[in-house]
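1. This is the structure alone, sequence omitted:
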């Protein structure tokens with residue numbers, strides 16, 4: 001049944017919808033999230049229904065402050081405490097041992113749960129008005145590019161959710177970095193704005209996880225399924241070719257170029273700008289009927305590692 005999605009600028013009003021068992025999309029510094037009360041099994045199930053999300057893909061729990069961690073997780077070790085002390089609030093998710101009070105649907109049946117504290121002021125105010133921590137993946141249809149502004153959320157989920165908390169576009173544009181602190185040494189499960197180099201300043205022994213093997217349950221979002229994909233085909237290159245085919249219409253995004261023959265192009269001034277506009281560029285290309293998007297792979301350092309990760313997944317690799 002189609003819902004009437006209320007669009008509001010009030011974090012308190014949006015929190016009331018969530019506290020009553022509703023689904024609420026809200027802005028964060030990374031991408032927009034789709035939230036439900038973490039302890040409301042039915043509401044959390046509604047996230048999977050609204051997004052068309054596979055049930056074995058765990059959710060991240062959003063907290064108003066680190067003091068809420070004990071409501072959903074336990075077993076903070078020295079590595080977790082160091083990362084939380086350095087990067088909370090911010091675009092980091094830490095995987096910890098899950099408390100029994102957290103429904104298994106949140107963690108996809110795993111004994112672990114990812115937690116983070118957004119630094120976005122609207123998200124922080126929204127979470128302050130929520131009675132409990134909020135389970136929230138990105139606020140898009142599963143597999144599509146993550147939404148970095150409220151209009152993209154409404155395009156995907158309008159009529160499927162109860163409320164959309166409107167805010168400014170996300171300043172980072174890519175989902176949070178995820179580190180599993182339940183293993184020794186800790187594992188980087190998903191790259192994000194907090195790069196491997198920064199993480200190793202805090203935890204020098206940090207390792208990088210490989211993708212999920214067939215039949216293996218992912219410990220974090222973004223490890224198993226094709227994600228972030230536009231309707232157009234995505235072609236990855238290390239450097240711009242001199243020219244690209246003009247039929248069907250093609251687009252280009254990267255740090256250099258563009259090559260000849262493109263219908264739409266975006267040359268980014270920095271990897272940070274590349275990250276911030278990537279998903280919005282994918283959506284704009286789809287709206288214009290672009291058939292192929294050529295994407296230049298940035299250097300694999302800092303946020304460039306995260307951009308490469310999203311591009312490979314968007315290309316189905």
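-> On my side now, so go ahead. Quick caveat, the model's predicted, so the values are computed rather than measured.

2. make it CA atoms for all contacts and neighbour counts henceforth
-> Will do.

3. Would you confirm that residue 92 contacts residue 178?
-> Yes. Contact criterion C-alpha atoms under 8 Å: residue 92 and residue 178 qualify, at 6.0 Å.

4. Kindly point out which residues are neighbours of both of the two.
-> Listed as contacting both residue 92 and residue 178 by C-alpha atoms under 8 Å, 6 or more residues apart in numbering are residue 192.

5. Counting residues, which strand of this structure comes out longest?
-> In the chain, taking DSSP state E as the definition, the longest strand is strand 92-98.

6. Any regions of the stretch 1-150 of the chain where pLDDT drops low?
-> Within the stretch 1-150 of the chain, the ranges that satisfy pLDDT under 70 run 1.

7. Let me see the ranges of the helices in it.
-> 11-19, 41-51, 69-72, 78-87, 104-107, 121-129, 150-157 (DSSP state H, counting those that start in this stretch).

8. Dump these to JSON lines, plus distance to residue 172.
-> Output for the helices of the stretch 1-150 of the chain, formatted as JSON lines (distance: least, C-alpha to C-alpha, whole Å):
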{"stretch": "helix 11-19", "distance to residue 172": "21"}
{"stretch": "helix 41-51", "distance to residue 172": "22"}
{"stretch": "helix 69-72", "distance to residue 172": "24"}
{"stretch": "helix 78-87", "distance to residue 172": "15"}
{"stretch": "helix 104-107", "distance to residue 172": "25"}
{"stretch": "helix 121-129", "distance to residue 172": "14"}
{"stretch": "helix 150-157", "distance to residue 172": "15"}
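
9. that older thread, can you give the distance of the longest strand of the chain from its chain's centre?
-> Relative to the centre of its chain, strand 92-98 is centred 15 Å away, using C-alpha atoms, centre = their mean, to the nearest Å.

10. That strand to helix 78-87, inter-axis angle?
-> Relative orientation of strand 92-98 versus helix 78-87 (axes from the mean of the first three to the mean of the last three C-alpha atoms, to 10 degrees): 150 degrees.

11. Return the list of strands paired to strand 92-98, each annotated with direction.
-> strand 73-74 (antiparallel), strand 112-116 (antiparallel), strand 177-180 (parallel) (DSSP bridges).

12. can you tell which of these is closest to residue 247?
-> Smallest distance to residue 247 across those (C-alpha to C-alpha): 37.2 Å, for strand 177-180.
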